[in-house]
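K.L.:
build me a model from this:
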Amino acid sequence: MRKIKIDIEKLNKAIFARRIPHGNFKAAFERGKELFKLPDLGMPGSGIMVHGSSGVGKTTLTYALMEYGLKNYGPDSVIRTQLVSGATIKGVISSLLLGFGDPRSNYGTAQALSIRLKDTIRARRCRLIIIDETQHLIPGGKPSKTLIDNVLNAFKILDETGVSLMLVGMDDIMQLWAADQQIRSRFQATYFLDVLIYPKDRPAWRGIIRKYIETIEQYGMILNCPELEDRCYAASKGAMRPLVLILTTAVTMACKEGTTTITIEHLRQAAQKQIDKRDGLPNAFDIDLETIASFNREAHTTRKLAPTKRSLDGILST
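P.N.:
Numbers count the residues shown, from 1 in each chain. The predicted structure is shown next:
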């Protein structure tokens, strides 16, 4: 195998940065792009919710919309924050102010911070606020009346500034959507991101793998693995994050050997290193194709379905 110097950091960053629209990811991305246009149309801000299990591309979607907004509407057009355990509405407002560069983002009452945030949104002409990991606002998965009241009060920021809001998180955030009519009216557009399912979504999965191969080949490397798409699906169970971890780990192994060829052995070691048996098939690059095909067909037969969401008209008519 020919040896060559490869920029591992640059290549892996390119793989991580690759945004490949598919399914509801694409639909949510297109709706997010529309939110940026609302101020230019004289329309008020709107809201969308994006939910799903870990590793399906929710955070990737938020970064894709960040990139779109910054490129097309300027540095203050979009602000993003990511919540952690124990998050509060006041903490959310504070973190948004910090994102805008406010040196006193932690000082003041919730009301005072809300006023400062409204003034900042107007002054900076922000178009979209993205809040990731929103489930941390809902301990135990059940929103309290206090939380609902605080969320509704926070909506006044949307009303008074025209900014749009995107809430992203695990499926628990749909409990917030279901808890109050006013919240449902603000977030009529909701998107469930799910893993791709074999064999129904096999063409889409193959397209995704092809895009990653193109990125790798742009940096002078090649992937040499039979049945690559099916084996990658078995290892990752169709989730984006583990797929990317396998590919970048295999790239790193090959680069450290000074070779431009990523072999099935590199992929085997990468899967063994990155994949837990609860999340995929760590030995997907070891076993025969018949076993792979059987695993792929059964991988999500017991998966949790998207929470049932009635239409707004149906809710109001009950």
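K.L.:
could you list the low-pLDDT ranges of the stretch 151-300 of the chain?
P.N.:
Within the stretch 151-300 of the chain, no range satisfies pLDDT under 70.
K.L.:
what are the ranges of the strands in it?
P.N.:
With strands called from DSSP state E, counting those that start in this stretch, the stretch 151-300 of the chain shows them at 164-169, 189-193, 222-224, 261-263.
K.L.:
most packed of those?
P.N.:
Burial of those is given as mean neighbour count (mean count of other CB atoms under 10 Å); strand 164-169 ranks first at a mean of 24. Yep, even glycine has a C-beta here, placed from its N, CA and C like the rest.
K.L.:
relative to strand 189-193, how tilted is it?
P.N.:
Comparing the axes of strand 164-169 and strand 189-193 via axes from the mean of the first three to the mean of the last three CA atoms, to 10 degrees yields an angle of 30 degrees.
K.L.:
which residues belonging to the one helix or strand Q111 maps to are considered buried?
P.N.:
Element membership for Q111, per DSSP states H and E: helix 110-124. Residues 110, 113-114, 116-118, 120-121, 124 are the ones in helix 110-124 that count as buried (16 or more other CB atoms under 10 Å).
K.L.:
for stretch 83-90, same thing?
P.N.:
Taking 16+ other CB under 10 Å as the basis for neighbour counts, the residues of stretch 83-90 that come out buried are 83, 87, 89-90.
K.L.:
from those residues, which ones fall inside helices?
P.N.:
Among the buried residues of stretch 83-90, the ones falling in helices (DSSP state H) are 89-90.
K.L.:
what's the farthest-apart pair in the buried residues of stretch 83-90?
P.N.:
Spanning the widest gap among these are L83 and K90, at 12.2 Å by CB to CB.
K.L.:
the helices in this structure, which residues?
P.N.:
If you assign secondary structure with DSSP H, the helices in the chain sit at 8-17, 23-37, 58-73, 89-99, 110-124, 145-161, 173-179, 181-186, 202-218, 228-236, 240-256, 264-274, 289-298, 312-316.
K.L.:
looking at those, which is nearest to F192?
P.N.:
When the helices of the chain are compared for distance to F192 using CB to CB, the nearest one is helix 23-37, at 6.1 Å.
K.L.:
that closest one to strand 189-193, inter-axis angle?
P.N.:
Counting by the same axes, to 10 degrees, helix 23-37 lies at 150 degrees to strand 189-193.
K.L.:
contact partners of helix 23-37?
P.N.:
The set of residues that contact helix 23-37 without belonging to it, under CB atoms under 8 Å, 6 or more residues apart in numbering, is 21, 45-46, 48, 50, 57, 60-61, 64-65, 68-69, 72-73, 77-78, 127-128, 164, 166, 189, 191-194, 196, 201, 204.
K.L.:
buried ones only from those residues, please, as a PyMOL command.
P.N.:
Restricted to buried positions by 16+ other CB under 10 Å, the PyMOL selection for the contacts of helix 23-37 reads:
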select buried, resi 45+46+48+50+57+60+61+64+65+68+69+73+77+78+127+128+164+166+189+191+192+193+194+196+201
